[in-house]
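**Q** The following block contains a protein sequence and its predicted model.
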Amino acid sequence: MTSLLMMNGRSSRGVEDEGPTPISKYPPELQEQEILADLIFILLGVEGTHIRQAQSRSSMAISYRLPVGIDVAVKRMVERILPVCKHHAIITHYLEHSPLSSNGRVNQALAEAVRAILKDYHILIVQLENQLKKGKLTLQRFQFGIQPSLTIIEKIAQIVGSVLNDNCTGGKTLSVLHKTTRDTLGLGKVHELCYQLTAKASAPYLELVRTWIDDGVVSGDGDDEFMIVIKKHQPRRSSTNKTVNCTLRDVADIPSFLVDVSEMILETGRQVQILSTFPEDAEKRTITPQLSNALAHIHTSNSNSNTHGEHYDSVREKALREKQSQKLKETLSYSLQEHAYASVVRKCYKHATKRLLDALLHQYNIIKRLESIKKYFSMEQSDVFVHFLTNAENDLRRHHNSVSVDRLSALLELSLVTSSARTDEFKDDLRCTLASTQLITELFSIIHLAHANNADSDNVDSERKFVSFPVEFADITSTHTAADLSGFDLFTLSYNISWPLSLVFDHHTLKRYQFLFRQIFSIKYVERQLSSAALSTAVVRSAKLPWMQRAFALRQKMLNFVLTLQHYMLIEVVEEHWHRFLSRVNDVDTLSALVSAHDEYIDSCLRKCMLTNRSLLKILSKILRISNVFATFLEKFVVFAESEVRLESHRHPTDTSTSRDLVARETEKLEKGYSMLMGELIETLTAVSEQENEHGLSSLVLLLNFNGFYDNKVADAELKQRERAAGRGTRSSGHNTDQLKQQQQQWQQRQQQQRQRPISLLRCMWGSERRR
């Protein structure tokens, strides 16, 4: 139609070489007819004979130049009509560029909607041209006929102009349309026009949303304009992650009416994607619960019939049709009310979440598997590790480069199948390995990274080194370096993280479990060393040698500390927080809530087991180290004590006195260092429990110092800490020293009152029970 009008227009202008006749030579009546003919073409985007374009059509700012000598009345009326021509030129420019594939499906859908609206506009122009040919059209009638289209064409030009100027695609285009639709509320036909354009332009985008929340896939997004970005490169360990990594785009690239539900849309598709990896879920997704009874009835009634397969297939096809019809009924469509999208997305989100949690909790027994992991990494299966250490102790005592991991794995497997763990269905996933660094070195590195912005670099460097012992017994103990680490220093457990366990228990969580296990394993190992030393000294203890009694008392102190610490970590921390985790599992309704509850459980265990505090970790590592050194020391000198008991009459006094002095001297050094470290530990535990409001650490203080045995050592530790805080110069000042001693006495009185308080309470309770 446009080409026909253009041909007619050109033929009516005459020969191009002769040039147009100036408009001033025409009388006013003929001027009006010539201008009307030009307006017909200009409204269709074709340059007229007398009205010329001032700029190229490729420019967005198009203006027109009226001929010289035009009648004033005609000029005024033409100037009222020309804005429609300018707006139509902008729309034409947009339609010429919209079919490009780089513009995306949203812009193409918008262009189709604009073309559909312009059909009525073109019909109006044809009607005006017919009236012009019949001689019934005047400028007044032309202006009156074109006036209803002026507002519509102007609004369309405003929309497409914004899209062109900002180079909008996808979500940005829909945000522009949505804002325009909201701004035109109450404007009648203009609002209806904007709503129609937005609805048609958003249809392909909402179809992508519907496909994502239903099937967990993004299909038909070749222009990358969907709000969810699919990462093509899979991360490492892809065997434990069968879902495609996906993230949200920037907020500016998401339609403004979907921003509030964008996170829910992302999580819904993720969960559906996870469900699609479950082999047992494929059939459940196609068969609705209403038809499950029908399937069971058909299976029962036709078990002996040859038509069983046909009935099953017909019911399955019916289920598929019902699912497809239900999906079509819930198709997303554009709405100004943003809660309309939230209701549809939330419904799909709850449905997917319920199915995923049911599959994880009941079908894959995630909680039972986590409980199995907890038993091994907290060494709750004690008979497994007693058997394992009995067989592997000699191997673990070697240098770590000489330890065979394959042999350790075989011994661990033997311990699993010959202990109470043989009934555990998940025992085959347990592995053992050797870590690359010591536990305290790795933890210090993590703590340093966590506090890198606030920690002093000099202090951090000194604390990142492995702890050293006091000078008093430096000749007996030495710091471990990478060259002399044994298998006990690096031994840890590992686990085969399979799908879908990796949804809750990933490699980062496994690393935290390994930290907890390595600390408990070191405590168990020290306990084993001290206990074996007690067994080897049974003959010596029966002889009641005076010079060995002090060593036996120190060994008992260390063993009591290790058992108390073990009880605190396993019973008051791990078990207590595990029961809290199980109680939270009953209330979780999403996968993220389940993961958050499990992460909070293991993080709380690490924090309350003193693995996240640099000071506590340093002191605790020193105490365990000195206890292990003392156990080794005791094993060496018990041989001499046994020989003295058995061959007392055949030994020279000089040999006896020399060995006795050596035992007494080394025992005194170790006891002094141990008591000093216990004082520092109790003082630090008290300070940390007050600062971080950790009541569990306060209970550990009462267990370790229930009778005030370490009060003097705690006071000394506090005094040294205050001296370090005040500066080295305060040690030479008598006034400051007296003040610190006075504070030390006050602290001892407070500690005495705190210990007497629970004892008095117990006495009152016991007296009231007796009176009853």
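**A** Sure thing, it's come through.

**Q** Residue ranges in the stretch 601-750 of the chain under the pLDDT threshold?
**A** Scanning the stretch 601-750 of the chain for pLDDT under 70 picks out the ranges 638-660, 711-750.

**Q** Now do the strands in it.
**A** Assignment of strands within the stretch 601-750 of the chain using DSSP state E, counting those that start in this stretch yields no ranges at all.

**Q** Show me the helices in it, by range?
**A** In the stretch 601-750 of the chain, the helices defined using DSSP state H, counting those that start in this stretch lie at 614-646, 653-692, 695-704, 711-726, 734-771.

**Q** So which residues of the stretch 201-350 of the chain form helices?
**A** Using DSSP H, counting those that start in this stretch, the helices of the stretch 201-350 of the chain run over 262-276, 281-286, 289-301, 308-329, 339-358.

**Q** who touches the first one?
**A** Which is helix 262-276. With contact meaning C-beta atoms under 8 Å, 6 or more residues apart in numbering, helix 262-276 is reached by 209, 212-217, 227-228, 242-244, 246-248, 254, 258, 281-282, 285, 342, 345-346, 348-349, 352-353, 355-356, 359, 500, 503, 590-592. Just so you know, the C-beta spots here come from the backbone N, C-alpha and C atoms, and that holds for glycine as well.

**Q** Packing partners of the strand or helix carrying S445?
**A** Assessed by DSSP states H and E, S445 sits inside helix 439-450. Counting contacts by 3 or more C-beta pairs under 8 Å, 6 or more residues apart in numbering; DSSP states H and E, helix 439-450 is packed against helix 457-464, helix 507-536, helix 614-646.

**Q** need the contact list for R422.
**A** R422 makes contact with L416, according to C-beta under 8 Å, 6+ apart.

**Q** Buried ones only from the contacts of helix 262-276, please, as a ChimeraX command.
**A** To isolate the buried subset of the contacts of helix 262-276 in ChimeraX, counting by 16 or more other C-beta atoms under 10 Å, use the following:
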select :209,212,213,214,216,217,227,228,242,243,246,254,258,281,285,345,348,349,352,353,355,356,359,500,503,590,591
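
**Q** Helix or strand: which one has the residue lying closest to I90 once chain neighbours are set aside?
**A** Closest residue to I90 apart from its sequence neighbours, by C-beta to C-beta, 6 or more residues apart in numbering: A157 at 4.4 Å. Here A157 sits within helix 139-165, counting by DSSP H and E.

**Q** which element follows that helix toward the C-terminus?
**A** Once helix 139-165 ends, the next helix or strand along the chain (criterion: DSSP H and E) is helix 171-183.

**Q** so what's the nearest residue to L164 once chain neighbours are set aside up against?
**A** Nearest-residue entry for L164: Y94, 5.7 Å, with adjacent residues in sequence omitted and distances by C-beta to C-beta, 6+ apart. Contacts for Y94 (C-beta under 8 Å, 6+ apart) come out as 111, 114, 160-161, 163-164.

**Q** Tell me which two in the residues you listed are the farthest apart.
**A** With distances taken as C-beta to C-beta, the most widely separated pair in those is A111 and G161, at 13.9 Å.

**Q** And those two? Which one has more around it.
**A** Neighbour tally, A111 and G161, criterion other C-beta atoms under 10 Å: the higher count belongs to A111, 21 against 16.

**Q** isn't the more buried one right next to T92, touching?
**A** No - counting by C-beta atoms under 8 Å, A111 does not reach T92; the two are 11.1 Å apart.

**Q** Spit out the residues that contact the two alike.
**A** Common contacts of A111 and T92 (C-beta under 8 Å, 6+ apart): none found.

**Q** Need the phi and psi values for D71.
**A** Dihedral pair for D71: phi -60, psi 140, per degrees, to the nearest 10.

**Q** now do S494
**A** For S494, the backbone dihedrals (degrees, to the nearest 10) come out as phi -130, psi 170.

**Q** Please, which helix or strand holds the residue nearest to it when sequence neighbours are not counted?
**A** Nearest non-adjacent residue to S494, counting by C-beta to C-beta, 6+ apart: R431, 4.0 Å away. Per DSSP H and E: R431 is located in strand 430-434.

**Q** Need the residues that contact that strand.
**A** Contact partners of strand 430-434, identified using C-beta under 8 Å, 6+ apart, comprise 376, 400, 403, 405, 408-409, 412, 416, 487, 490-496.

**Q** Enumerate every residue touching L530.
**A** Listed by C-beta under 8 Å, 6+ apart, the contact set of L530 reads 555, 558-559, 562, 627, 631.

**Q** right, I mislabeled it, should have said Q566
**A** Applying C-beta under 8 Å, 6+ apart to Q566 gives the contacts 520, 523-524, 527.

**Q** cool, V259 as well?
**A** Contacts for V259 (C-beta under 8 Å, 6+ apart) come out as V251.

**Q** measure it to F521 for me?
**A** 49 Å (C-beta to C-beta, to the nearest Å).

**Q** likewise K511?
**A** Computed as C-beta to C-beta, the K511 to F521 distance reads 15 Å.

**Q** Between the two, tell me which one has more neighbours.
**A** Ranked by neighbour count (other C-beta under 10 Å), K511 and F521 place F521 first, with 20 against 12.

**Q** any idea of the pLDDT on that one?
**A** With respect to pLDDT, F521 scores 93.

**Q** ok, now L434?
**A** Listed pLDDT for L434 reads 92.

**Q** so it bridges to which residues?
**A** Taking DSSP bridges as the rule, L434 bridges to F491.

**Q** Fine, thanks again, bye for now.
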